[in-house]
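K.L.:
Build me a model:
(2 chains)
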Amino acid sequence: MVRVEHKRALLVFRFGDKKFEWPIEPRYWRNPMIGIGLLALLPLIFHSKADFLSLFATANIYACIAIPLGWQITGIGRMNFGPQFFVGVGGYAAGLLSVHFGWGPWQTFPIALVVGLLFGIILSPLTTIAKGLYFSLITLILPLIFLEITCYFRIFQGETGLYGIAPLIMLESIKTEYMVSGYFSLAMMIMYLFIVQKVLSSRVGLYAAAINDDEEVADSLGLNIKKWKILAFVITSVMITMTGWFAAHYFGTFAGVTYLHLPFMLKILLMVMVGGRGDIYGAIYGAYFVVILEKVLTITGSVNYILFPLILMILLLTLREGLYGIYRKHRYREYYPTMRVRK
Amino acid sequence: MLLQAVEVSKIFGGLRAVDNVSFSIETGEIVGLIGPNGAGKTTLMNLISGNLKPENGRIEFNGQDITGCEPNKICRSGVSRTYQIPRPFPDMTALLNVAVGVFCGKHRPHMSLGDAMLDASHFLEFVGLFGKRNTLARDLSLFELRALEMARALATTPKFILIDEVMAGLNQYEGKRAVRLIRKMVEEFHVTILWIEHVMKIIMEATQRVIVLHHGELIRSGIPADVVNDPLVIEAYLGEKIA
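P.N.:
Numbering: from 1, shown residues only, chains lettered A, B, ... in the order given. I've put the predicted structure just below:
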């Protein structure tokens, strides 16, 4: 059995001949495993409330957009205002195949991946051609063009959107189904977090930071900026596309009006603002903040549509580095890996 | 011959910033590049480092044609540079600034982050910034930034370094330290240097050869003592008082 001892500032867990020590100090509580463990407990606690589980999954889906976006913003050194374009690409790829051909989620998966990859590759030259504001403007317009296209062609079923998309899993009990899908969303978010965390704490993260700080200097230090920018853009685009695929199969419906319109962009922007620009852990805080804020604002009724942008604007003006960014600012040395040299 | 430029020209609109300039630099030399403001010194440097592409002419480095190549390719072939106004990566620590140079200056696919940090700390110690390794680059002073740029340039394992005005904005004491640093750099790493400078005293002392540009044209090239006494150079750059 596990024996727990309390030794001064340490909690010692003994399991057989194995020993595990946990320092009781606040600075060790910032362990991501604790956060993930707490999140994993949530669906178990609220298993009977379907609307709560839906909120939980929504927050995870939002985080799945914001986490790759964090890598993208640093990796290409530009602000992307249209990541929802790729959500649309993934969602419609999955939805169209599922509705018109009756394909299941694992059959649409590779197609959504390939379509996302194709669009990523086609749009990737933008990262080297368009600079600063122009890139932001082009990416802002892209989802709106896509929205027009979805309204124009009947195959996309216009504003009602696609419905009857095959669910992720089919279980006998609807409650378990909700809970398992919730865990799927959490698993996807953790996978994205793990991938991006691994990438950003490797040399690729260092390249991304260099490109984000000064492209020209990075180039004249021997960094092939075109290669790394295109790689960062394509990989993150595919990740965001797969989020769209997940959202389509999770909710069973997919409408361009929900995802491709400006309000959704505002949500993503708010997530990025709250989390701090290009901070991946912050992205999760941002996603949960937005979902909770949205839920709270629904109480106010139709004022919601004005309040949300208003809060965004206030945050934009007052918190340039985001809520989590302020905390991060005092711990900048942990932002990128540092080496400690013994004297 | 390490670097050879043949009839290189660069035109900005109606301005011939660099006009048919030809020169060559031997391995191990320290060459000064002087000229009045707007003579095209920095433009010439940008042409060599690949940040600008020449309209015509050819630049060869180490027997390789590097005309119009990407800056990163030129850097990996052994040309490194510093900037007149220091351009560090402001949001990264000094150590990581240099680590970027360590990773990118050469093809090093199997180097770990820790190894790169160790290498970078070696270069930081060389320029005397080891104590500030964990300071953000935006918090460093001007002299420290110049030293950081040199460490970063050295980290890419160059054969040839382009130095753009080390002395600008430094006081006498710091200037002396910077010059000493450059000399140490040549001794230990055996690099060839092309050095833009406005302080004639340093050019006279530190360089073996001087190239003078005026209105984008190369007007004189030779040993410093000869160049300073040339009437053409005096008229174009130095002014008559010194003469």
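K.L.:
Do a quick rundown of the helices in chain B.
P.N.:
B:41-49, B:71-76, B:94-104, B:113-127, B:142-155, B:172-189, B:200-206, B:224-228, B:231-233 (DSSP state H).
K.L.:
which residues sit in contact with residue 53?
P.N.:
Answering for chain A, as no chain was given. A:Pro43, A:Phe46, A:His47, A:Tyr178, A:Met179, A:Ser181, A:Gly182 (C-beta atoms under 8 Å, 6 or more residues apart in numbering or on different chains). The way it works is simple: take the backbone N, C-alpha and C, and place the C-beta from them, glycine included.
K.L.:
ah, I was thinking of chain B
P.N.:
Going by C-beta under 8 Å, 6+ apart, B:Lys53 touches B:Leu47, B:Thr67, B:Gly68.
K.L.:
run the last query once more with 6 Å
P.N.:
B:Gly68 (C-beta atoms under 6 Å, 6 or more residues apart in numbering or on different chains).
K.L.:
now do B:Ala99
P.N.:
By C-beta under 6 Å, 6+ apart, B:Ala99 lies in contact with B:Ala116, B:Met117, B:Ala120.
K.L.:
what's the pLDDT at the closest residue in space to A:Leu171 that isn't next to it in sequence?
P.N.:
Leaving aside its chain neighbours, A:Leu171 sits nearest to A:Glu177 (4.2 Å; criterion: C-beta to C-beta, 6 or more residues apart in numbering or on different chains). Predicted confidence (pLDDT) for A:Glu177: 86.
K.L.:
Just the element for A:Glu177, please.
P.N.:
Element membership for A:Glu177 (DSSP states H and E) is helix A:174-200.
K.L.:
Run the angle between the helix or strand immediately after that helix in the chain and helix B:113-127 for me.
P.N.:
Note on helix A:174-200: by DSSP H and E, the next helix or strand toward the C-terminus is helix A:203-213. Helix A:203-213 runs at 50 degrees relative to helix B:113-127, counting by axes from the mean of the first three to the mean of the last three C-alpha atoms, to 10 degrees.
K.L.:
ok, the following helix or strand past helix A:203-213 near chain B or not?
P.N.:
Per DSSP H and E, the first helix or strand lying C-terminal to helix A:203-213 is helix A:215-220. Yes. Residues of helix A:215-220 are located near chain B by C-beta under 6 Å from any C-beta of the partner chain, namely A:Val217, A:Asp219, A:Ser220.
K.L.:
In contact with residue 127, which residues?
P.N.:
All of this is about chain A. For A:Thr127, the contact set (C-beta under 6 Å, 6+ apart) comprises A:Ile76, A:Lys229, A:Phe233.
K.L.:
Not quite, go with chain B.
P.N.:
Remark: with contacts taken as C-beta under 6 Å, 6+ apart, B:Val127 is in contact with B:Ala147, B:Met150, B:Ala151.
K.L.:
quick one on the thing from earlier: dump the helices of chain B to JSON lines, plus distance to A:Leu297 and mean pLDDT.
P.N.:
Listed next are these as JSON lines, based on distance: least, C-beta to C-beta, whole Å; pLDDT from 0 to 100:
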{"stretch": "helix B:41-49", "distance to A:Leu297": "53", "mean pLDDT": "92"}
{"stretch": "helix B:71-76", "distance to A:Leu297": "48", "mean pLDDT": "93"}
{"stretch": "helix B:94-104", "distance to A:Leu297": "41", "mean pLDDT": "92"}
{"stretch": "helix B:113-127", "distance to A:Leu297": "43", "mean pLDDT": "92"}
{"stretch": "helix B:142-155", "distance to A:Leu297": "47", "mean pLDDT": "93"}
{"stretch": "helix B:172-189", "distance to A:Leu297": "57", "mean pLDDT": "90"}
{"stretch": "helix B:200-206", "distance to A:Leu297": "65", "mean pLDDT": "85"}
{"stretch": "helix B:224-228", "distance to A:Leu297": "73", "mean pLDDT": "86"}
{"stretch": "helix B:231-233", "distance to A:Leu297": "73", "mean pLDDT": "83"}
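K.L.:
For chain B, which residues are neighbours of chain A?
P.N.:
Contact residues (C-beta under 6 Å from any C-beta) of chain B with chain A: B:49, B:71-72, B:75-76, B:87, B:89, B:91-92, B:96, B:100-101, B:103-105, B:113, B:117, B:134, B:156.
K.L.:
how near is the residue lying closest to B:Pro90 once chain neighbours are set aside to A:Thr128?
P.N.:
Excluding its sequence neighbours, the residue lying closest to B:Pro90 (C-beta to C-beta, 6+ apart) is B:Arg138, at 3.8 Å. Separation of B:Arg138 from A:Thr128 (C-beta to C-beta, to the nearest Å) stands at 26 Å.
K.L.:
Mind checking which of the two has more residues around it?
P.N.:
A:Thr128 (15 against 12; other C-beta atoms under 10 Å in any protein chain shown).
K.L.:
How about the secondary structure of the closest residue to that one other than its chain neighbours?
P.N.:
Closest residue to A:Thr128 apart from its sequence neighbours, by C-beta to C-beta, 6+ apart: A:Lys226 at 5.3 Å. Look at A:Lys226: counting by DSSP: H, G, I helix; E, B strand; the rest coil, its state is helix.
K.L.:
Residue of the stretch 51-200 of chain A nearest chain B, please.
P.N.:
Nearest residue of the stretch 51-200 of chain A to chain B, counting by C-beta to the nearest C-beta: A:Thr74, 10.0 Å away.
K.L.:
Quick check: that residue touching A:Ala210?
P.N.:
No. Assessed by C-beta atoms under 6 Å, A:Thr74 is found out of contact with A:Ala210, at 9.7 Å.
K.L.:
These two: which has the busier surroundings?
P.N.:
A:Ala210 (28 against 24).
K.L.:
quick one: contacts for the spatially closest residue to that one that is not a sequence neighbour?
P.N.:
Spatial nearest neighbour of A:Ala210, chain neighbours left out: A:Ala218 (4.1 Å); criterion: C-beta to C-beta, 6+ apart. With contact set as C-beta under 6 Å, 6+ apart, A:Ala218 has these partners: A:Ala210, A:Ile211, A:Ile225.
K.L.:
Spit out the contact partners of the first one.
P.N.:
Looking back up the chat, that one is A:Ala210. Counting by C-beta under 6 Å, 6+ apart, A:Ala210 makes contact with A:Ala218, B:Phe89, B:Val100.
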